[in-house]
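**Q** give the three-dimensional model of this entry:
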Amino acid sequence: MRIIPAIDIIDGKCVRLSKGDYNTQKVYNEHPLEVAKAFESHGINYLHLVDLDGAKKGQITNYKILEQIATLTNLKIDFGGGLKSVADLKIAFECGASQITGGSIAVKNPELFEQWIAMYGSERIILGADQNNGKIAISGWTETSEQDLIPFIKTYIQKGIQSVICTDIAKDGMLLGTNVALYQQIITEIPTIQLIASGGIAAISDLLKVAAIGCEGAIVGKAIYEGLITLKQLEQFIISPKSFESC
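**A** Numbers count the residues shown, from 1 in each chain. Now for the predicted structure:
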């Protein structure tokens, strides 16, 4: 299972929110590149970079930080937040994103999202399926749509999507464990999915749980910044997950 640390950006700084609430913003580092380099120095190869300003504004905003991290590290970056047009997508890829995540756009403009899949291929487009009480949340989680989670995912799997990041908003940033039952349900109903778990990872034991049910990846954010999971532990997990199984 891939370990994918997260960097969320507001005003050019590395922040974390609780349950997606912008009023709970906490700044952890004013230099996201430093954080990215620390990840890379511990054997991490992937990064989930979220432009929270862009998500709120509805257009890509912190692309210079994406470009800086992509230029000065070898991390494979999945970039999301505020991508609403082909022009936004072009900027993201030109600035070094390996993949982009589309969430709100897949709800509000499915025709355009399908065009992105056709243009760039499903290996470069990830579906963001962020859920709140079974419904898909959009616009930086400030709105809840009428789309039900699993039918929404199934629709896009049928249209060629392979990878899906599913965040349980109620768990995100709360450090109380992740929604293993939800991810198990998704994998059971959609066995071909490459599911990336997101939200609530608070300990190595949470990573073991989502790996055991078949998640392809797991996003780790606040637990790193609060010191509940160390980068040395993640480095060891990448090398040998089984070394933690007796813990």
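**Q** got the buried residues for stretch 93-108?
**A** 93, 95-97, 99-107 (16 or more other CB atoms under 10 Å). The C-beta positions use only the backbone N, C-alpha and C, and glycine is treated the same way.
**Q** check stretch 65-83 too.
**A** 65-70, 73, 75, 77-83.
**Q** all strands of the protein, in order?
**A** Secondary structure of the chain, counting by DSSP state E: strands at 2-10, 13-18, 21-29, 46-51, 76-80, 99-102, 125-132, 135-138, 143-148, 163-168, 194-198, 217-220.
**Q** which members of the buried residues of stretch 93-108 are the farthest-apart pair?
**A** Of all pairs drawn from these, the widest gap by CB to CB lies between G96 and V107 and measures 26.7 Å.
**Q** who are the contact partners of Q115?
**A** Counting by CB atoms under 8 Å, 6 or more residues apart in numbering, Q115 touches V86.
**Q** then F93?
**A** F93 makes contact with I100, Y120, R124, according to CB under 8 Å, 6+ apart.
**Q** list just the nearest of the residues you listed to I229.
**A** I100 (26.0 Å).
**Q** give me the lowest-pLDDT entry from the buried residues of stretch 65-83.
**A** Lowest-confidence member of the buried residues of stretch 65-83: G82, scoring 86 (pLDDT).
**Q** what lies in contact with stretch 212-226?
**A** For stretch 212-226, contacts defined as CB under 8 Å, 6+ apart pick out 1-6, 8, 14, 16, 28, 46, 48, 163, 165, 167, 173, 175, 178, 180, 183-184, 187, 194-199, 201-203, 206-207, 210-211, 229-231, 234.
**Q** so among these, which ones count as buried?
**A** Of the contacts of stretch 212-226, these count as buried by 16+ other CB under 10 Å: 1-6, 8, 14, 16, 28, 46, 48, 163, 165, 167, 173, 175, 178, 180, 183-184, 187, 194-199, 201-203, 206-207, 210-211, 229, 234.
**Q** contacting residues for the residue nearest the centre of the chain?
**A** Geometric centre of the chain, nearest residue: H48, 5.1 Å, by CA atoms, centre = their mean. Neighbouring residues of H48 by CB under 8 Å, 6+ apart: I4, P5, A6, I7, D78, G80, T101, I165, S198, I219, G221.
**Q** let's have those in TSV, adding distance to I239.
**A** Shown next, in TSV, are those (distance: CB to CB, whole Å):
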residue	distance to I239
I4	16
P5	16
A6	21
I7	23
D78	22
G80	28
T101	27
I165	24
S198	23
I219	20
G221	21
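**Q** closest to I60 among those?
**A** Nearest to I60 among the contacts of H48, with distances taken as CB to CB, is G80, at 9.9 Å.
**Q** identify the residue spatially nearest to the closest one, adjacent ones excluded.
**A** Closest residue in space to G80, ignoring its immediate chain neighbours: T101 at 3.4 Å, by CB to CB, 6 or more residues apart in numbering.
**Q** quick one: that neighbour from K37, how far?
**A** Counting by CB to CB, to the nearest Å, the gap from T101 to K37 is 22 Å.
**Q** ok, the residue nearest to F152 when sequence neighbours are not counted - contacts?
**A** Of all residues not flanking F152 in the chain, I136 sits nearest, at 5.3 Å (CB to CB, 6+ apart). I136 sits next to G103, V107, A129, D130, T144, S145, Q147, D148, L149, F152 when contact means CB under 8 Å, 6+ apart.
**Q** quickly list what I136 is bridged to.
**A** Taking DSSP bridges as the rule, I136 bridges to Q131.
**Q** distance of it from L176?
**A** For I136, the distance to L176 - CB to CB - is 22 Å.
**Q** now swap in D53 and tell me
**A** Relative to L176, D53 is positioned 27 Å away (CB to CB).
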